[in-house]
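Undergrad: Attaching a predicted model along with its sequence, questions to come.
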Amino acid sequence: MYVSRLLTVLALLLALSACKVVLKVPEGGSIVSASGENSCSEGACTIDVGAANGLSDTFTAIPNEGFFFVEWKKAQGYLCGGSAEACTLQVDEENSARDITVYLEPVFKSLDLERSPAPPRPPLDDASFAVDWSPSRVDNCAVDENVSPVLAATSAAAATFETSFRNVYEPSIVFLDETFTMMIKRDTEAISLTQEQAFPDFQPFRVVDGEDSVIFYDDGTHGDQVAGDGILTRSCVAVLESELGRGQLFGGVYDLFFLNPALRDTESATRISEAVRVNEAGMFISLGDHYSEAMGSGRHWEIFDPGLCVACQHAWHEYGDIFDFFSVLPRQAWAGQGYTRVHDFIQGTGHQPPFDGFSYWDRPMGDGRPHPEYIGMLYHGWPGSTEGVTHELAHGLVGINTKDFPRAGNGQWNAGDGAHPDADTTLQGDLLGPLWDPERGFPFPVRVDDGSPNPWEMPTARLGADANGNLRLVPITVEEQRFSEIFLYMMGLISAEESTERYFKVVNPSLSAGCEPTEFDLICPPDTTISADEVIEFSVADMVARYGPWGSANPEFDPSNLRLGLLFASDRNHTEAEITLHTLVFEDLPKPKSSPTLDENPWTFSTRGLSRLRTDFRNFRLPSTP
């Protein structure tokens, strides 16, 4: 069973360590301690912390049936306030002698009377959606045996590709000791192709059915489904063991992902319907032929179209109208990330949805309901990384489709594409890219020379300003991925009065002497200053003056606690390897990272701890759902 990463409150307890810790349990659940000695099922339970032993224990809020755990209560003297994780209390001997009482209280909410009834379950009218299947191991694989239930559909879909642009695997996520069938679409009439011909630079695959070399066939043998259809195929393929380093949990090559076999039996998902299984990472949903046909024929848009999203319908059927966002994640690498606007009920930031109900759609969702609480759809097409999630969520809360701000024309902060803040501003956050070479433009980024031997190792740069408004280059670091206050205001996380930052938008910037162009970059010294034809200053106060104060037309919307439904989609039941990789990568998405990176900076980090995500909805299921 998955155990949440513990939230340690050492810093708080240094200030509030107490000789008494009072556990207060409201209606709807209980508090369970890891030691088993300090649990509390109802009312108030007082822990007298002895000076000799102190206290070290972890407390988990357990909701009763029909309730869910929201967070630990936020109030003066209350521990772990605002967190939804298990709370670890550590009081040493010195602090346990202090005459202070602190409290720990969970907030439970009822599922009843707050939930819409379940909409109809989507139809399941094909043969593959509920099939459990595991690929053959490397020590027991035979051509044309243990064939995937969707292999024929996958091959047929690949044959519709207009050109050779990708390899297709079934499955595309495996344990290193498992095999897969590999299909290649190539513009060739050859009925066979060697691995060296297909991948002249790097050959990471092997076959395990007794043959010495990897040869792909289009003659109806070796796993090929249809002779002469342009799809060269080979079954019983495996990844070379050397591709996974010692101690490495998983890796990837040519859009195939492979896991350390030691991870087998570490993750699972509970079946709650014929098509849906769930665990702490999200919902694993089988869409049957609908998935195969859409993903294989290049119509993958149908999987995450808000008006057609069958996976969303399954989630609504099981859990009701509780989701702020959905993210659909295919079981194989397919394109990158994206965001689709559905409803923008946030006021005061320039949103202008064209239809009634603050909607960008003039039709109901796939289940026939408008779902006005549903802000938008994220698409995440890369199984092995959470990169892009924070960026797309920011699009949902911020836009940035605000027009003519701070000034019209080339004074707009999103004059480039109308959706992202321009790099010629002093804003910061995940929505911005680097500053581009003022002479050559995109795709030649400006980099700050930090002494690295290679230009591509040097950090890209953005505009910065000192206290006097003097502009200079600033290297983009992890810290620069934290959103500026104006974005936090647009998200509803701070008030206009709490923002003190001012920003600058420059028109036709130029850099001081000393920058050197390379074939791919513009390298500038660390002290490079910036001048421009015009510098436009703006702040949150200017946004309020233009659009009015921030507000929400949805009284239930809480930007500090976003509900993101992660929908892992497939055309058959997910394999154990697929469940394991998705869980391993996404189970930590809602939690702060101790060492965020430029690519995978978590939402909580980027929003400066003011907003968090909920992706585990196992306790939210509708009481009426069978």
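TA: Received the coordinates, thanks. Residues are numbered from 1 along each chain as shown.

Undergrad: mind checking how far the most centrally placed residue in the chain is from residue 120?
TA: Of all residues in the chain, the one closest to the mean position by CA atoms, centre = their mean is residue 389, 3.7 Å from it. Relative to residue 120, residue 389 is positioned 30 Å away (criterion: CB to CB, to the nearest Å). From N, CA and C alone the C-beta is placed, and that goes for glycine too.

Undergrad: Equivalent analysis for residue 597, please.
TA: In this structure, residue 597 lies at 43 Å from residue 120, with CB to CB as the measure.

Undergrad: circling back to that earlier point, for the residue nearest to the centre of the chain, give me its contacts.
TA: Neighbouring residues of residue 389 by CB atoms under 8 Å, 6 or more residues apart in numbering: 327, 337, 378, 380, 589, 603.

Undergrad: The second one - nearest residue in space that isn't next to it in sequence?
TA: In this case it means residue 337. In this structure, residue 337 finds its nearest non-sequential neighbour in residue 388, 3.5 Å apart by CB to CB, 6 or more residues apart in numbering.

Undergrad: Which pLDDT value goes with that neighbour?
TA: At residue 388, the pLDDT value in this model is 88.

Undergrad: what's the answer for residue 51, then?
TA: In this model, residue 51 carries a pLDDT of 55.

Undergrad: Same question for residue 415.
TA: We note a pLDDT of 77 for residue 415 in this prediction.

Undergrad: Hmm, which of the contacts of residue 389 is lowest in pLDDT?
TA: For the contacts of residue 389, the least confident entry is residue 337, with 84.

Undergrad: what about stretch 444-456, how long is it end to end?
TA: For stretch 444-456, the separation between the terminal residues is 11 Å (CA to CA, to the nearest Å).

Undergrad: oh sorry, the question was meant for stretch 123-134
TA: From the first residue to the last, stretch 123-134 extends over 25 Å; the measure is CA to CA.

Undergrad: again with stretch 543-559
TA: Taking CA to CA, the span from the opening residue of stretch 543-559 to its closing residue is 19 Å.

Undergrad: In that stretch, which residues are buried?
TA: Residues of stretch 543-559 classed as buried: 543-544, 547, 550, 559 (neighbour count, 16 or more other CB atoms under 10 Å).

Undergrad: Among these, which one sits closest to residue 64?
TA: Relative to residue 64, the closest of these is residue 559; by CB to CB it sits at 28.1 Å.

Undergrad: where does the closest one land in three-state SS?
TA: The three-state assignment at residue 559 reads coil, by DSSP: H, G, I helix; E, B strand; the rest coil.

Undergrad: how about the nearest residue to it, chain neighbours excluded?
TA: Spatially, and ignoring its direct neighbours in sequence, residue 559 is nearest to residue 492 (4.1 Å; CB to CB, 6+ apart).

Undergrad: same check, this time on residue 504
TA: Nearest in space to residue 504, with sequence neighbours left out and distances taken as CB to CB, 6+ apart, is residue 426 at 4.8 Å.

Undergrad: didn't that neighbour look like it was pressed against residue 465?
TA: Yes. If you go by CB atoms under 8 Å, residue 426 and residue 465 touch, sitting 4.8 Å apart.

Undergrad: pretty sure residue 384 is in contact with residue 249, am I right?
TA: No. Under the criterion of CB under 8 Å, residue 384 makes no contact with residue 249, lying 10.4 Å away.

Undergrad: Would you mind measuring from the residue nearest to residue 559 to residue 352?
TA: Relative to residue 352, residue 492 is positioned 18 Å away (criterion: CB to CB).

Undergrad: Buried residues in stretch 329-338, which are they?
TA: Using 16+ other CB under 10 Å, the residues of stretch 329-338 that count as buried are 329-334, 337.

Undergrad: now swap in stretch 472-489 and tell me
TA: Residues of stretch 472-489 classed as buried: 472-476, 480-489 (neighbour count, 16+ other CB under 10 Å).

Undergrad: Stretch 525-542 now?
TA: Of all the residues in stretch 525-542, those buried under the rule 16+ other CB under 10 Å are 528, 530, 532, 535-536, 538-540, 542.
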